[in-house]
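**Q** everything below, folded, please.
(one chain, ligands or ions: 2)
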Amino acid sequence: MGKGKRAIPTIDLSNFPGEYGKLREACQEWGCFRVVNHGIPLDLMWDMNKVGRSLQDLPMEIKCRNTDVIPRSGYVASSPDKPLFESLGLYDMASSHSVQIFCSQLDASPHQREIIEKYCQAIYELTMGIGGKLAESLGLKSDFCKEWPCLFRINKYNFTLEAVGSIGAPIHADPSFLTILQLDENVGGLEVMEKNSGAFIPVDPLPGTLLINLGDVATAWSNGRLFNVKHRVQCKEAAIRVSIATFLLGPKEAAVEAPPELVDAEHPRLYVPFTYEEYRELRSSSRCGALDLLRIHS
Ligand SMILES: O=C(O)CCC(=O)C(=O)O
Ligand SMILES: [Fe+2]
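**A** Ligands and ions are numbered 1, 2, ... in the order given. I've put the predicted structure just below:
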């Protein structure tokens, strides 16, 4: 590791309450961390990657059956700003009905269905667990995100030799509260931006671990305590890259706003309350810095 470069923190989920301090620091200083001992079986992670690859290999007319439930929740084809990227999406992975519809749209085999069902269930539970621990690390109750929907995505990067050195996913912070990423086991390319230096730090694949990123909703909800990490994906080699992402979005209808415990004279409210839907629209029309538009200037 180069001089001055710091490593992304790792949180051992089997070591609570011991890790609360480290978790809080990771969320404030990095906005991302890897988790180990997360309880998702390694086999299931491998199988999910394989299923994701084969679904992404389906003909375009079948992938296009994966339609939106909320805006841009379904199949996203490559586009001029992301020519190498495409993504399948399943809104509300906690609902077995939604999982079944997703599987049927893509003609999933019984084996593929079983893997998707198991993975969605296990990752959803993990998402709730991590959300809860994060709240507890700030001294709050763990059940705040119980009803919040999750969007599950299978991302594919069509990396070719000619594309090496170009962008797979442009720099962004996720709009969600938090994102759980299962990185491709072999093909790297994700880089996170360090908070203070602005330097990009490669997140190399570390099979068996998961990466957690905090997004814009976490920053607004925590009244600025939780850092929404910026990241991008670079094409580094000619190989198909598949990442599996789960986004814990935000409240379904209620406004995102900091709970009273996080607002006082020393910490005045930083953001106008907003619904996730309003925020999604603002982001799609303002391109970058949408969260700044909701900042209260006093
Ligand atoms: O593919 C990755 O490693 C990152 C994907 C990502 O940033 C996203 O889906 O928001
Ligand atoms: Fe992202």
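**Q** report the mean per-residue pLDDT for the helix or strand hosting Ala135.
**A** Ala135 belongs to helix 110-137 when assigned by DSSP states H and E. Helix 110-137 carries an average pLDDT of 98.
**Q** could you pull out the buried residues of it?
**A** 112-113, 115-120, 122-124, 126-137 (16 or more other Cβ atoms under 10 Å). For the C-beta atoms, the positions are set from N, CA and C on the backbone; glycine is no exception.
**Q** nearest spatial neighbour of the residue of the stretch 51-200 of the chain found nearest ligand 1, skipping sequence neighbours?
**A** Residue nearest to ligand 1 within the stretch 51-200 of the chain: Leu190 (3.8 Å; Cβ to the nearest ligand atom). Nearest non-adjacent residue to Leu190, counting by Cβ to Cβ, 6 or more residues apart in numbering: Val203, 4.4 Å away.
**Q** ok, now Ile70?
**A** Nearest to Ile70 is Tyr91, by Cβ to Cβ, 6+ apart, at 5.6 Å.
**Q** swap in Pro41?
**A** Pro41 sits nearest to Ala122 (Cβ to Cβ, 6+ apart), 7.8 Å away.
**Q** check Phe200 too.
**A** Phe200's closest residue in space is Glu191 (Cβ to Cβ, 6+ apart), at 4.1 Å.
**Q** and for Gln182?
**A** Here the nearest residue to Gln182 in space, its sequence neighbours aside, is Ile244; by Cβ to Cβ, 6+ apart that works out to 4.2 Å.
**Q** SS state for the one you found?
**A** At Ile244 the chain is in strand, as set by DSSP: H, G, I helix; E, B strand; the rest coil.
**Q** if I look at it, how far off is Tyr124?
**A** Distance of Ile244 to Tyr124, computed by Cβ to Cβ, to the nearest Å: 13 Å.
**Q** ligand 1 contacts on the protein?
**A** 155, 169, 174, 181, 183, 190, 231, 233, 243, 245 (Cβ under 6 Å from any ligand atom).
**Q** turn these into a markdown table, including pLDDT.
**A** As requested, the residues of the chain next to ligand 1 are exported to a markdown table (pLDDT from 0 to 100):
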| residue | pLDDT |
| --- | --- |
| Asn155 | 98 |
| Ala169 | 97 |
| Asp174 | 97 |
| Leu181 | 98 |
| Leu183 | 98 |
| Leu190 | 98 |
| His231 | 98 |
| Val233 | 98 |
| Ser243 | 98 |
| Ala245 | 98 |
